[in-house]
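1. Have a look at this fold, sequence not included:
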């Protein structure tokens, strides 16, 4: 963390909540977040964009835990100064016809001047108004922390029907959910290409599980695994050169690698046990996976060249779905505790394990945001599987989806191309 960020975090002191007439929105950010003022965005004209852009921006800033937003209808220097606020966000939007003009600014509280480079205007279709706000939130992440935000990213997931499973995609905050496949079959294990342009998934379209690929445009997909081979769970390497996947052979399953350039398929693990759920380390040199070779499913790692197999976890009666953090320093996974699955994060440097969730249903299929500040997962704690966000320290739990039966989320690798 740089000196500027450390200083800002050190002064993140907050005062008591304001009175109701100030329209103060209670912060949901974690401790240590940078205090940031925000004026309610002014709306010009009579037309509406259909979204609460103030709420969208507040979520973008607070969910990752970067900022603690103090939202007021007008500037109150004394109030904000007492809360440690040095900068504030303000702006306006005007909708007319199918378009909306949005302007957002970051200003200095002392000088009341705009921060250089932190004013931006958009003229977009109304359906992309949220995207503009997401872009400004990512600009703030870069300005204060020097890191790319995840507000413009996407999430793939599986929506379950009575007899079908289809791949869906939504914004990171649960908005704009839409079906990507309509096969009328069973589609599962969604994933992304390294550049975020292609969707990888597994499908029973041919009567057995096979790897398929689909562009974000949702046009026709193509099979990428050999004809007749039972394959699923494909994950592309960080450099896009290979895909690791699970391949059935008799009563066992092993990990295989597909070379993107040559189309060649090579076996990676050679064990009579069941090997599933592979995930690449950010450096592309190591793969974490689940195996029951020790009697019960646990996490193991193997080099991309097939060497150096090691056991990673030794706790829980059933450990599954290991996923590497974008920084490569942690692995999130789910483990059965007391008859249900909960989420855990393993610190690879210290060997310490943090339990993120406890009780209330099965919490499964974790996936990291590309900035490493959030984890999305599926849980049936409400009786039906829905998608949730949580921070890697176990704080900030948020339910994203409330309709459908949703599972197996997978976060995009970074900022995705505008649609």
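-> Looks like it arrived, so ask away. Worth saying up front: this structure is predicted, and the values here are computed from it rather than measured.
2. Can you get me a residue count around the nearest residue to residue 154 once chain neighbours are set aside?
-> Distance criterion CB to CB, 6 or more residues apart in numbering; nearest residue to residue 154, sequence neighbours excluded, is residue 412 at 4.5 Å. All C-beta spots, glycine's among them, are computed from the backbone N, C-alpha and C. The number of residues packed near residue 412 is 25, by other CB atoms under 10 Å.
3. Likewise for residue 249?
-> Neighbour count for residue 249, taken as other CB under 10 Å: 12.
4. Just grab the bridge partners of it for me.
-> When bridges are called by DSSP bridges, residue 249 pairs up with residue 252.
5. Distance-wise, check it relative to residue 221.
-> 25 Å (CB to CB, to the nearest Å).
6. sorry, back to before: what distance do you get for the residue nearest to residue 154 to residue 151?
-> Taking CB to CB, one finds residue 412 at 12 Å from residue 151.
7. next one: residue 381
-> For residue 381 relative to residue 151 (CB to CB), the value is 26 Å.
8. Among the two, which residue is more densely surrounded?
-> residue 151 (29 against 16).
9. Contacts only, for that one.
-> Taking CB atoms under 8 Å, 6 or more residues apart in numbering as the criterion, residue 151 is in contact with 60, 133-135, 137-138, 141, 172-173.
10. before we move on, what about residue 44?
-> 92-94.
11. redo that, cut-off 7 Å
-> 92, 94 (CB atoms under 7 Å, 6 or more residues apart in numbering).
12. With residue 234 instead?
-> So residue 234 contacts 191, 200, 202, 211, 243, 245 (CB under 7 Å, 6+ apart).
13. elements contacting the host helix or strand of residue 279?
-> Using DSSP states H and E, residue 279 falls within strand 275-280. Other elements packing on strand 275-280 under the criterion 3 or more CB pairs under 7 Å, 6 or more residues apart in numbering; DSSP states H and E are strand 231-236, strand 242-249, strand 252-259, strand 286-291, strand 319-324.
14. Tell me what angle the last one forms with strand 275-280.
-> Taking axes from the mean of the first three to the mean of the last three CA atoms, to 10 degrees, one finds that strand 319-324 is oriented at 10 degrees with respect to strand 275-280.
15. For strand 319-324, enumerate its sheet partners and note whether each is parallel or antiparallel.
-> Assessed with DSSP bridges, strand 319-324 is paired to strand 330-337 (antiparallel).
16. Could you double-check that residue 296 sits in contact with residue 315?
-> No. Applying CB atoms under 7 Å, one finds residue 296 not in contact with residue 315, separated by 10.5 Å.
17. ok, back up a step: surely the residue nearest to residue 154 and residue 157 touch.
-> No. In this structure, residue 412 is not within contact of residue 157 by CB under 7 Å, at 11.7 Å.
18. The longest helix along the chain: which residues count as buried?
-> Ranked by number of residues, the top helix in the chain under DSSP state H is helix 129-145. Neighbour-count burial for helix 129-145, counted by 16 or more other CB atoms under 10 Å, picks out 129-141, 144-145.
19. Taking the residues you listed together, which two end up most distant?
-> 129 and 145 (25.0 Å; CB to CB).
20. gap between the two ends of stretch 355-370?
-> Start and end residues of stretch 355-370 are separated by 21 Å (CA to CA, to the nearest Å).
21. and what of stretch 344-363?
-> OK, stretch 344-363 end separation, CA to CA: 10 Å.
22. Can you list the buried residues in that stretch?
-> 344-346, 353, 356-357, 361-363.
23. In a markdown table: those residues, plus distance to residue 289 and secondary structure.
-> Output for those, formatted as a markdown table (distance: CB to CB, whole Å; DSSP: H, G, I helix; E, B strand; the rest coil):
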| residue | distance to residue 289 | secondary structure |
| --- | --- | --- |
| 344 | 16 | strand |
| 345 | 18 | strand |
| 346 | 14 | strand |
| 353 | 18 | strand |
| 356 | 21 | coil |
| 357 | 22 | coil |
| 361 | 25 | coil |
| 362 | 21 | coil |
| 363 | 20 | strand |
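24. from these, which is closest to residue 311?
-> Looking across those and measuring by CB to CB, the closest to residue 311 is residue 346, at 12.2 Å.
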